[in-house]
Structure formats: C-alpha cells, structure tokens
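Enquirer: Next come a sequence and a model predicted from it.
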Amino acid sequence: MDPEFENDFIKTGGEVLLFTVDDVVYGIEISYISEIIGIEQITVVPKVPGHIKGVINIRGKIVPIISVRKRFGKEEIPYDERTCIIVLGLPDGSQAGIIVDRVREVTLAKPREICETPIYKNVNSNHYIKYIIEHPDGIKLLLDCEKLISE
C-alpha cells in the first residue's frame with residue numbers, strides 16, 4: 001500500500017471491519033474488503049504452506065484462502081454458522097480470502113484512537129499488526145493485510 005495512504009489513515013482515521021479469532025478482536029481497513037462470504041468448499045492445493053487452506057472460485061476467479069488461526073499459530077476449530085471468509089482486494093489487483101471466527105461490525109477509528117505498534121522485541125515480531133486502536137470498549141489490533149497475505 002502507498003505509504004502516504006498509510007500515514008493518512010493514522011492522521012485521519014477511517015472505517016474498520018472488526019472480527020474475532022480466538023476471542024481476540026482484530027480489524028482490517030474497510031478499503032481492503034471486497035466482500036464477506038460464508039464458508040464454502042475449499043479445494044486443497046498440495047505443497048503449500050500450512051496456513052493456506054486452498055482455493056475457491058468466486059465468480060470465475062480463483063482466490064487463495066488463508067486460515068488466520070493457522071497463520072497466527074493457533075489451533076484450528078470446527079467451522080460453524082458464524083465462521084466467515086473475508087475476501088480482500090489488494091493494491092496489485094489480486095484477491096485473497098481469510099477465514100475468521102466471527103465478523104463483528106464496522107466501526108470508525110478516530111485519529112486519537114490509532115497508535116503505532118510498540119517496537120518491543122516480541123510484541124509484533126511477525127509484523128502482521130499495522131496499528132493498535134484504543135477503542136472505548138477495548139483494544140483492537142489492526143492487521144497489515146499485505147503482510148498477512150504475502151509473507
């Protein structure tokens with residue numbers, strides 16, 4: 001993503017889709033969201049990293065699907081009626097889906113609520129967290145979609 005746009009987000013805030021994985025609340029900037037769909041049949045692709053569950057066909061386009069649980073080293077749980085795939089549109093035009101436990105809501109992150117991620121050694125060692133949002137009802141971790149998908 002354009003670094004100037006990133007700086008704009010921390011300066012101006014913006015809408016964020018909140019979701020949970022293992023009772024932790026994460027967020028993604030709404031500009032990345034293409035759509036939210038229920039769990040579908042995922043075609044397994046051999047010899048891919050363990051966090052890549054496979055691919056699905058969305059309106060004629062093959063989209064890789066990533067398990068956020070696996071990506072973060074958490075135990076997989078059975079899917080239920082609230083498990084979703086958030087389809088992300090990336091700046092290069094590609095798409096990827098991420099499996100999350102629950103989609104919660106869209107909220108507005110105000111500039112005064114957005115903080116840089118601490119630089120402490122192990123707080124964000126995987127670099128998937130772009131910002132921390134100090135919301136009135138608790139801390140939300142804003143993910144870096146591009147790193148989550150590409151690394």
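Expert: Looks like it arrived, so ask away. From a predicted model like this one, the values you see are computed outputs, not experimental measurements.
Enquirer: mind listing what's buried in stretch 77-86?
Expert: 84, 85, 86 (16 or more other CB atoms under 10 Å). Where you see a C-beta, it was placed from the backbone N, CA and C, and this is true even at glycine.
Enquirer: Stretch 132-141 now?
Expert: Buried residues in stretch 132-141 (16+ other CB under 10 Å): 132, 133, 135, 140, 141.
Enquirer: any idea which helix or strand carries the second one?
Expert: Here residue 133 sits within strand 129-135, counting by DSSP states H and E.
Enquirer: now the last one
Expert: Element membership for residue 141, per DSSP H and E: strand 138-143.
Enquirer: Residue 13 is in contact with residue 109, isn't it?
Expert: Yes. In this structure, residue 13 is within contact of residue 109 by CB atoms under 8 Å, at 4.8 Å.
Enquirer: more crowded one of the two?
Expert: residue 109 (24 against 16; other CB atoms under 10 Å).
Enquirer: For this protein, which residues score under the pLDDT cut-off?
Expert: Along the chain, the parts satisfying pLDDT under 70 run over 1-7, 119-126.
Enquirer: how about the helices of it, start to end?
Expert: Here the chain has its helices, by DSSP state H, at 3-12, 68-71, 145-150.
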